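# After the sequence you'll find the predicted model.
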Amino acid sequence: MSNVCTGVAGRRRLPLSVLCLAAALWALAPAAMAQAGGATSGNGQGPAAPVAPAASAPAAPASGGGGAKSSLPTNADVKDSIARGDTKPYECTYILPKGLEPGGPFCPGPKVASALTAKGGSVLTPENGDIVVVINAADYFAALKAMDGKPPRLSLNGLDMAAGARQDGWDQDAKFVRLRFGVTQGDVKGARDFWSSIYQRVGFGALTPLHVALGWEDNPNYFRAETDDGLSDELFVTSRTRMAIAAILGLAIVGGFLWALKGSDIFRIGRRLDTGDRQAYSFSRVQWGLWTTFAVAAAVFLWAVYGIFLPLSPTVLQLVGVSTLAATTSFFMDSSNSPVPEKSVNFWVDLLSGSNDTTAQAHRFQALAVNTVLLVGAIYEVYQHLGYPNFDSTWLAMLGISDAGQLAGKQLLEKQGTAQPGSLPVATLPPAPTGTAPPPPATPPALPPASLPPGPP
């Protein structure tokens, strides 16, 4: 370049000197642009599960002279590596407050990281804090291509979070890709198992190390840290204040249900009797109120713990649905054949006997036993795993069968207020006389015999 410029400049010095300067700038432009590209980012916030990064993969760098092969491995190599369970280290991970842009270097130093997390995001909770994973761009795009563009999934402490860790955004420079995941608590097995395992290990408010990995369904730990130290003291389930609020709200809802049982006629067969006595409890109404109260109390409790309203699990919907169907059927039965008004004895006797004096009924005992077992298990699931219960379908079928038996027994075996079709009417007898019977009538005096005329001589 310098020889050409010197030779040409001998004839036309000024114009060609300008041309030489332009040529030099043109030669330096690619290097300057490449250096500047190291500080630029991609599209920032992306969709929930973007696959667009694969389209913007940087060109494979050359490893030598002309004809050198790309440093990116082939799809077959990557697929075999994932199938074997091999791992690749990522550059770094850190926790970022929700709504705060990463900014700065892709892997911030301790001082920068502390500034990013100064607003309370250094501790991961279900409502506060996103996980940022920084990976070598060449490794990430090669794996993404080999997996046919399927977005990676986040794993925490060895558990695949699946839909419990949504990819909220990504960006890249010439060397690294930065992925951001929003971690929540949802009705997803991975998320439920993760938060419940943390709770069982350290309780509600204690901190515990966080181990982050990134991968796909076949190998959820494909990208992981080189060491197993994890992010120390970066995770807890909820604060003690939230836990206290959750307990107070849950107990308030349960207390309202108990007051309705004791102080009102909502869950009884009917209103008070003319004598002022309360009528007996209705099994179907009590069951209906019980599972409705459980669903509301569990939802409010978990909302106070996590700060978000979790979607109801299919089990909770089915429990409320079965109890509602049983209560509705009981209403139709009572409307067509009113039950005999019964004075309440006590809660348990009323549930076991119904309109049958104080004689316990087998069909009611079965329904009560199944409801009790499921209620104890549901409360244990909420407290132990901090999530809605998920019962096997056979137990829910058992509840439906026991309710069907209870309703059939109520119709066929218990006393009803009207005669059943086909029954003979009972004769109505006049009331028995009361008081002193009147004395028998006096015997009339005997009449003298009539005088007969004398007969003929």
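Good, I have the coordinates.
# does Thr372 sit in a helix or strand, and which one?
In this structure, Thr372 sits in helix 362-385 according to DSSP states H and E.
# actually Val134, not the one I wrote
Taking DSSP H and E as the criterion, Val134 maps to strand 130-136.
# and the direction of the helix or strand containing Ser402 versus that of helix 362-385, what angle?
In this assignment (DSSP H and E), Ser402 forms part of helix 393-413. With axes from the mean of the first three to the mean of the last three Cα atoms, to 10 degrees defining the directions, helix 393-413 sits at 150 degrees from helix 362-385.
# For helix 393-413, list the C-alpha coordinates in CSV.
The C-alpha trace of helix 393-413 is given here as CSV (Å, rounded to 0.1, in the frame of the first residue of the first chain):
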residue,chain,number,x,y,z
SER,A,393,-56.6,-39.9,40.6
THR,A,394,-57.6,-43.1,42.5
TRP,A,395,-58.0,-41.2,45.7
LEU,A,396,-60.2,-38.6,44.0
ALA,A,397,-62.2,-41.4,42.6
MET,A,398,-62.5,-42.9,46.1
LEU,A,399,-64.0,-39.6,47.3
GLY,A,400,-66.6,-39.6,44.5
ILE,A,401,-67.6,-43.2,45.2
SER,A,402,-68.0,-42.6,48.9
ASP,A,403,-70.1,-39.5,48.2
ALA,A,404,-72.3,-41.5,45.8
GLY,A,405,-72.8,-44.1,48.5
GLN,A,406,-73.6,-41.5,51.1
LEU,A,407,-76.3,-39.9,48.9
ALA,A,408,-77.8,-43.3,48.0
GLY,A,409,-77.9,-44.3,51.7
LYS,A,410,-79.6,-41.0,52.5
GLN,A,411,-82.3,-41.6,50.0
LEU,A,412,-82.9,-45.3,50.6
LEU,A,413,-82.2,-46.0,54.3
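# what's it packed up against?
Helix 393-413 makes packing contacts with helix 283-306, helix 314-336, helix 362-385 when contacts are defined by 3 or more Cβ pairs under 8 Å, 6 or more residues apart in numbering; DSSP states H and E. Where C-beta positions appear, they are placed from N, C-alpha and C, glycine not excepted.
# Please save the CA atoms from whichever helix or strand comes after the shortest one in PDB.
So the one you mean is helix 314-336. Stepping forward along the backbone from helix 314-336, the first helix or strand reached (DSSP H and E) is helix 347-353. Extracted in PDB, the C-alpha atoms of helix 347-353 (Å, rounded to 0.1, in the frame of the first residue of the first chain):
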ATOM      1  CA  PHE A 347     -71.500 -32.300  65.300                       C
ATOM      2  CA  TRP A 348     -70.200 -35.900  64.900                       C
ATOM      3  CA  VAL A 349     -73.400 -37.600  65.800                       C
ATOM      4  CA  ASP A 350     -75.300 -35.500  63.200                       C
ATOM      5  CA  LEU A 351     -72.800 -36.300  60.500                       C
ATOM      6  CA  LEU A 352     -72.900 -40.000  61.200                       C
ATOM      7  CA  SER A 353     -76.600 -40.400  61.700                       C
END
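# for the helix or strand containing Leu251, which positions count as buried?
Secondary-structure element containing Leu251, defined by DSSP H and E: helix 240-263. In terms of neighbour count (16 or more other Cβ atoms under 10 Å), helix 240-263 has its buried residues at Arg242, Met243, Ile245, Ala246, Gly250, Ile253, Phe257, Leu261.
# Report all helices and strands that that helix contacts.
Using 3+ Cβ pairs under 8 Å, 6+ apart as the contact criterion, the secondary-structure elements in contact with helix 240-263 are helix 283-306.
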